[in-house]
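Colleague: here is the input, now give the coordinates:
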Amino acid sequence: MQLEFSAEELQFRDEVRAWIDDAYDDELKTLMAQSKNGYLDKAGQVRWQKKLHARGWAAPNWPREYGGPGWTPAQRYIFQAETAAAGCPTVSPMGLKMVAPVIMKFGTPEQKARFLPPILSSDVWWCQGYSEPNSGSDLASLQMRADHGRDAQGEHYVLNGSKIWTTHAQWADWMFCLVRTGREARRQDGISFVLVDMRTPGITVSPLPTLDGPVPGQQEVNQVFFENVRVPVENRIGEEGMGWTYAKYLLEFERGGSHAPTLRQQLGKVARIAADQPGDGGGTVLDDPAFRRKLAELHLRAAALEAVELRIFSGVASGTSIGAASSMLKLVGTDTLQAISELAVEAAGPDALPFVQDTWAEVQGRPAAPRVGPDYAGPVAPRYFNYRKASIYAGSNEIQRNIIAKLVLGL
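Modeller: All right, here's what the predicted structure looks like:
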């Protein structure tokens, strides 16, 4: 098992660093400094992703035959580590990381030719239609109907129902969606995976206010309503009734990946905030032994996770399937991310308070007061609230513990 990078891989690391120095400009850095979740508004996000695409690096996990760089697991890890260390925006995952692998594996040649190129170039924006108001962690209980129909234009489904917590649906051109096409006794057997053009008549997108508050350009989640929405059967991925299989395959990509580079970058932010904030007994927050102990414990958790990630990715390079390890990485990574966001609020102290005042003003319909305090404090509280969802999306952490217990411990 090889856990150290080769000379060629270190040369690649230097190449990535040089590209970041040139491509990650001051305008993008200014926008990113106020991000609550690692993403930008759509215009900034597309601009960054098109820079990646121009360099051939927009989709590190894609094989060469579909336009990816054909990187090794080590190169992918280095790239993620370097972009995280530099504070670069996170690539929007819905198209590039989630639906694209499903289309590659289960789509028809026509679907691959139609959908993959504009996903790679970020010319088409995607959202995910999984959760429903009464179907979250128990996703197999989803009820959104897709009834067969046929007319002069051909065979189609008619969709009725709603999807909720739909990230960036207000920006999306397409949605990949789980719908109920059958009523089999086993609920998973009646689900199909369809691609829906968001411009289709009958679709309504309604924004959902969240506790992370009024950050301009960063409204995130929505509820999407479908009323007699016509979707051609040719937009179904794979076989009818097999959507649950495709959904589980997609979730491996949503849960997997490396968390440690992002955790290290977030810990660096916390340390810089603490070094600038005055402490209770003189000095700074970072001088407080109790705070330093908490920070050190999180550094140890991130280092331990990084060692596990490198071991797993080394195995992947040798042909080993990641399997249930994706659940373990998701569980530990998101728990640690939440703990870091909590420590950041503790470090910022009273400077995080204007966010709460701004949010309350928005609820009451009043203009927010001018923000005071250091610039870095602005996104601290929004990030804390936003990351509450990290232990829920891609399957709640309780579900991940069940998966680990079943597949690893045999319980």
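
Colleague: any stretches of the protein with poor pLDDT?
Modeller: 1-3, 213-218, 252-257, 313-323, 354-375, 411 (pLDDT under 70).

Colleague: that one - how does it break down into domains?
Modeller: For the chain, the structural domains run 7-91, 126-241, 256-407, going by automatic domain parsing.

Colleague: which among these is found nearest to P118?
Modeller: domain 126-241 (8.5 Å; CB to CB). Backbone N, C-alpha and C define where each C-beta goes, glycine included.

Colleague: which among the domains of the chain is found nearest to K105?
Modeller: Here domain 126-241 is closest among these (CB to CB), at 8.9 Å.

Colleague: quick one: which of the domains of the chain is nearest K112?
Modeller: domain 7-91 (7.4 Å).

Colleague: picking up where we left off before, let's have the domains of the chain in a markdown table, adding mean neighbour count and distance to F106.
Modeller: Below are the domains of the chain laid out as a markdown table (neighbours: other CB atoms under 10 Å; distance: least, CB to CB, whole Å):
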| stretch | mean neighbour count | distance to F106 |
| --- | --- | --- |
| domain 7-91 | 17 | 14 |
| domain 126-241 | 18 | 4 |
| domain 256-407 | 17 | 18 |
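
Colleague: in TSV: these, plus distance to P117.
Modeller: Conversion of those to TSV gives the following (distance: least, CB to CB, whole Å):
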stretch	distance to P117
domain 7-91	7
domain 126-241	14
domain 256-407	23
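
Colleague: and of those, who's closest to V99?
Modeller: domain 126-241 (4.3 Å).

Colleague: coming back round to it: nearest to L250, out of the domains of the chain?
Modeller: domain 126-241 (8.0 Å).

Colleague: endpoints of the closest one, how far apart?
Modeller: Its first and final residues considered, domain 126-241 spans 22 Å by CA to CA, to the nearest Å.

Colleague: now do it: distance to the chain's middle.
Modeller: Chain-centre distance of domain 126-241: 18 Å, with CA atoms, centre = their mean, to the nearest Å.

Colleague: max-length helix in this protein?
Modeller: helix 289-317 (DSSP state H).

Colleague: quick one, whichever helix or strand comes after it and helix 289-317 angle?
Modeller: For helix 289-317, the following helix or strand on the C-terminal side (DSSP states H and E) is helix 325-348. Helix 325-348 and helix 289-317 are oriented at 160 degrees to each other (axes from the mean of the first three to the mean of the last three CA atoms, to 10 degrees).

Colleague: which strands and helices lie in contact with helix 325-348?
Modeller: Judged by 3 or more CB pairs under 8 Å, 6 or more residues apart in numbering; DSSP states H and E, helix 325-348 is in contact with helix 243-255, helix 260-276, helix 289-317, helix 380-386, helix 397-407.

Colleague: dump those helices to JSON lines, plus distance to N228.
Modeller: Shown next, in JSON lines, are those (distance: least, CB to CB, whole Å):
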{"stretch": "helix 243-255", "distance to N228": "21"}
{"stretch": "helix 260-276", "distance to N228": "42"}
{"stretch": "helix 289-317", "distance to N228": "45"}
{"stretch": "helix 380-386", "distance to N228": "34"}
{"stretch": "helix 397-407", "distance to N228": "33"}
